[in-house]
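Asker: Would you be able to build a 3D model of this:
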Amino acid sequence: MKTFQEIKSSQFAKKNPIKNNFYTIYSLRFCSLYISFILFLFFSLSPSSIAKKYLRNQNRKESLKAHKQKQEAEKPAQFANQFNEKQNSNKTILESSIQSDNSSVNLNNQNQNQAEKENTNKCFLNNPPIRANYGVWINLWNYPKNPEKYFEELRENGINTIYLQISRSTTEAIKHPEAVNQIIKSAKEKNIKVIGWMYATLQNPREDAEKFVLGAQIPGLHSMAIDLEENLEPSRLILFSRTAHKELGKQYKITAITYNPSIRPIGSKFPWETIAREFDVIAPMIYWNKRMNDPSLVYAESCHAIQSLKELIKDVNGRAKSIHPIGDSHHTSEKEIQAFVQACLKEDVVAESGISLYPSHLASSDLWRALSGVSEK
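Answerer: Purely as a prediction, here's the structure:
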């Protein structure tokens with residue numbers, strides 16, 4: 001005999017067949033999903049599947065690495081092509097400008113030669129030759145707008161040398177080829193020597209050396225200097241110097257523009273020994289305007305800087321390399337420049353390599369006369 005509960009449940013099933021089937025289907029689906037999940041975990045976490053995933057990841061990494069190496073290998077060639085195209089275009093512009101000047105001169109060669117002799121004699125009469133190099137440094141952003149007038153004023157105030165910036169590591173080898181040609185031409189007419197210079201970051205010493213060499217080959221430049229303020233590891237300095245000397249010859253004198261050793265007393269960390277071995281003339285930047293404005297302090301600072309440098313840049317024979325001190329014309333006074341000159345004379349560096357001021361666009365005629373010792377007319 002059935003109990004009351006059995007009878008009730010059988011009656012409920014008869015009355016709700018759809019709901020009863022729903023529960024059954026839902027239970028079956030849940031069980032199937034649960035079993036699928038268990039199987040997924042089993043196969044995905046098995047040693048063989050883990051090994052396959054590891055091999056796939058390794059292969060992907062190796063392929064990416066190979067692709068990256070291929071791109072890095074192609075970069076130098078691409079850059080070299082771009083660099084050569086830029087330098088060839090600059091060189092073409094400079095050569096065409098020079099050829100045009102030469103063609104105009106050749107139209108009346110004899111008359112031009114006679115006029116040049118007369119102008120040279122006149123220049124020497126008005127501005128007698130100066131026994132040492134007294135110069136100013138011109139950067140890329142401050143080329144003289146009227147070179148003829150500018151150089152005439154320089155000679156009147158005793159300046160016989162300009163240091164003209166040709167490029168930086170971040171520019172073409174000759175940033176302003178037409179302006180450079182015009183400046184060299186005007187300087188020659190006034191009997192002013194032109195020495196080029198370049199600011200090098202030495203991120204790529206070989207590329208910097210190639211730009212330096214192209215600048216040094218500009219007709220009319222006496223020589224070239226290199227401004228060294230960044231990435232001064234000995235290996236970079238050696239690579240730059242030897243690449244440049246290989247193209248220009250061992251006899252070509254390269255001037256190294258350096259920090260003032262009395263301001264940066266970093267001893268063995270600063271590669272003075274390498275600089276002394278690899279370069280021919282050392283030009284320390286003896287700047288003082290932000291630290292002192294007393295002529296006596298300027299004199300003491302300049303003497304100390306030159307004395308320190310003489311000890312730091314001795315060659316293999318124990319002799320100090322040539323030193324060309326660069327004085328400060330950044331809002332400095334005439335008396336301060338005179339004190340700088342007296343210190344250079346005391347240390348006997350003026351006659352051999354000369355002295356100069358930076359920057360040119362902030363140096364007045366008073367400072368030029370204070371540097372050269374020429375009296376005001």
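Asker: Show me the shaky parts of the stretch 51-200 of the chain.
Answerer: Applying pLDDT under 70 to the stretch 51-200 of the chain flags the ranges 51-55, 57-59, 61, 63-131.
Asker: Please identify the buried residues of the strand or helix carrying A244?
Answerer: Taking DSSP states H and E as the criterion, A244 maps to helix 234-248. Under the neighbour-count criterion of 16 or more other C-beta atoms under 10 Å, helix 234-248 has 236-237, 239-241, 243-245, 248 buried. C-beta coordinates here come from the backbone N, C-alpha and C atoms, glycine included.
Asker: Equivalent analysis for stretch 159-170, please.
Answerer: 159-169.
Asker: Domains in the protein, by residue range?
Answerer: Split into domains by automatic domain parsing, the chain comes to 4-44, 111-372.
Asker: can you redo the ones you listed as a markdown table with distance to R60?
Answerer: As requested, those are exported to a markdown table (distance: least, C-beta to C-beta, whole Å):
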| stretch | distance to R60 |
| --- | --- |
| domain 4-44 | 19 |
| domain 111-372 | 32 |
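Asker: Compare the mean pLDDT across those domains and name the weakest.
Answerer: With a mean of 61, domain 4-44 has the lowest mean pLDDT of the domains of the chain.
Asker: what's the spacing between E178 and I184?
Answerer: According to C-beta to C-beta, to the nearest Å, E178 stands 11 Å off from I184.
Asker: Looking only at neighbour counts, state which of the two leads.
Answerer: I184 (23 against 13; other C-beta atoms under 10 Å).
Asker: Tell me which other helices or strands the helix or strand hosting L309 touches.
Answerer: Using DSSP H and E, L309 sits within helix 295-312. On a contact count with 3 or more C-beta pairs under 8 Å, 6 or more residues apart in numbering; DSSP states H and E, helix 295-312 meets helix 272-278, strand 281-284, strand 322-323, helix 334-346.
Asker: helices and strands around the last one, which ones?
Answerer: This means helix 334-346. Packing partners of helix 334-346 (3+ C-beta pairs under 8 Å, 6+ apart): helix 295-312, strand 326-328, strand 355-358, helix 365-372.
Asker: Columns distance to E153 and mean neighbour count on top of these, output as JSON lines?
Answerer: As requested, those are exported to JSON lines (distance: least, C-beta to C-beta, whole Å; neighbours: other C-beta atoms under 10 Å):
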{"stretch": "helix 295-312", "distance to E153": "25", "mean neighbour count": "19"}
{"stretch": "strand 326-328", "distance to E153": "19", "mean neighbour count": "25"}
{"stretch": "strand 355-358", "distance to E153": "14", "mean neighbour count": "25"}
{"stretch": "helix 365-372", "distance to E153": "7", "mean neighbour count": "21"}
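Asker: Pull up the gap between A305 and H176, please.
Answerer: 32 Å.
Asker: from what I can see N289 touches G327, true?
Answerer: No - the pair N289 / G327 is not scored as a contact, 10.2 Å apart, by C-beta atoms under 8 Å.
Asker: ok, K253 touching D280?
Answerer: Yes - with contact defined as C-beta under 8 Å, K253 counts as touching D280 (4.0 Å).
Asker: For those two, indicate the residue with more neighbours.
Answerer: Higher neighbour count among K253 and D280: D280, with 18 against 14, using other C-beta under 10 Å.
Asker: so what's the more buried one up against?
Answerer: Shown in contact with D280 (C-beta atoms under 8 Å, 6 or more residues apart in numbering): 253-255, 321-322.
Asker: Show me which of those are buried.
Answerer: Buried, going by 16+ other C-beta under 10 Å: 254-255, 321-322, out of the contacts of D280.
Asker: so can I have JSON lines of those showing distance to E301?
Answerer: Shown next, in JSON lines, are the buried ones among the contacts of D280 (distance: C-beta to C-beta, whole Å):
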{"residue": "I254", "distance to E301": "27"}
{"residue": "T255", "distance to E301": "22"}
{"residue": "K321", "distance to E301": "21"}
{"residue": "S322", "distance to E301": "21"}
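Asker: gap between the closest residue to A179 other than its chain neighbours and Q182?
Answerer: Among residues not flanking A179 along the chain, Y143 sits closest, at 5.3 Å (C-beta to C-beta, 6 or more residues apart in numbering). For Y143, the distance to Q182 (C-beta to C-beta) stands at 9 Å.
Asker: next one: Y34
Answerer: Taken as C-beta to C-beta, the span from Y34 to Q182 is 88 Å.
Asker: neighbour count winner among the two?
Answerer: Under the criterion of other C-beta under 10 Å, the comparison of Y34 against Q182 puts Q182 first, with 17 against 10.
Asker: Leaving out sequence neighbours, find the closest residue to that one.
Answerer: P147 is the one closest to Q182 (C-beta to C-beta, 6+ apart), at 5.9 Å.
Asker: what's near enough to touch the one you found?
Answerer: Contacts for P147 (C-beta under 8 Å, 6+ apart) come out as 182-183, 186-187.
Asker: which one of these has the most neighbours?
Answerer: Ranked by neighbour count under the definition other C-beta under 10 Å, the contacts of P147 are headed by A187 with 24 neighbours.
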